[in-house]
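J.: Quick check, what structure comes out for this input:
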Amino acid sequence: MRRLELLLIAVLATAGCARGRKTSNAAPTTSPSVSSQQFQKLILTPETGLVGKVVRVNTDGRFVVMNFPIGHLPALDQRLNVYRLGLKTGEVRVTGPQYDDNIVGDVISGDAQRGDEVRER
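T.: You can find the predicted model right below:
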């Protein structure tokens with residue numbers, strides 16, 4: 001009977017120890033040879049450029065109506081590039097008139113379509 005008790009205690013002790021121990025074959029996430037200079041802080045800077053959208057196009061008159069955020073309108077005679085899907089498709093010169101956050105510009109080169117993005121050069 002004494003042997004049975006000792007055997008039971010030994011089994012319970014080894015089962016408890018084995019469950020608490022975690023073994024992993026995964027490599028450590030950082031190695032001691034990696035220097036702190038390799039991990040540089042990421043710096044984000046907000047884009048401050050002038051960006052608007054083409055809201056109307058007159059192909060016969062070769063002019064567009066552009067919409068800009070309030071307080072961020074381009075100056076008269078300023079030249080802007082027109083982009084469609086990230087590719088430059090034309091160039092516009094701001095001529096006016098202006099109404100609220102909309103302003104008119106003449107198409108100098110290329111073409112423009114409704115929804116195109118207008119940005120500074």
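J.: ok, and what's touching the longest strand belonging to the chain?
T.: In the chain, assigned by DSSP state E, the strand with the most residues is strand 87-99. Residues from elsewhere that reach strand 87-99 (CB atoms under 8 Å, 6 or more residues apart in numbering): 63-64, 66, 73-83, 103-113, 116, 118. Just so you know, the C-beta spots here come from the backbone N, C-alpha and C atoms, and that holds for glycine as well.
J.: just for this protein, where's the confidence low?
T.: 1-4, 6-8, 11-12, 14-39 (pLDDT under 70).
J.: what about residue 121, neighbour count?
T.: Residue 121: 9 surrounding residues under other CB atoms under 10 Å.
J.: and it, how far is that from residue 112?
T.: From residue 121 over to residue 112 the distance is 15 Å, taken as CB to CB, to the nearest Å.
J.: now do residue 5
T.: 91 Å.
J.: the more surrounded of the two?
T.: residue 112 (25 against 9).
J.: The more buried one contacts residue 81, correct?
T.: No - taking contacts as CB atoms under 8 Å, residue 112 lies outside contact range of residue 81: 10.3 Å.
J.: For this structure, which segments are assigned as strands?
T.: 51-58, 63-67, 79-84, 87-99, 102-110, 117-120.
J.: So which of these is the most surrounded?
T.: strand 63-67 (a mean of 20; mean count of other CB atoms under 10 Å).
J.: now that one and strand 102-110, what's the angle there?
T.: 130 degrees (axes from the mean of the first three to the mean of the last three CA atoms, to 10 degrees).
J.: Compute the inter-axis angle for strand 63-67 and strand 79-84.
T.: 80 degrees.
J.: residue contacts, the closest residue to residue 83 other than its chain neighbours?
T.: Nearest residue to residue 83, sequence neighbours excluded (CB to CB, 6 or more residues apart in numbering): residue 117, at 4.6 Å. Contact partners of residue 117, counting by CB under 8 Å, 6+ apart, are 51-54, 82-84.
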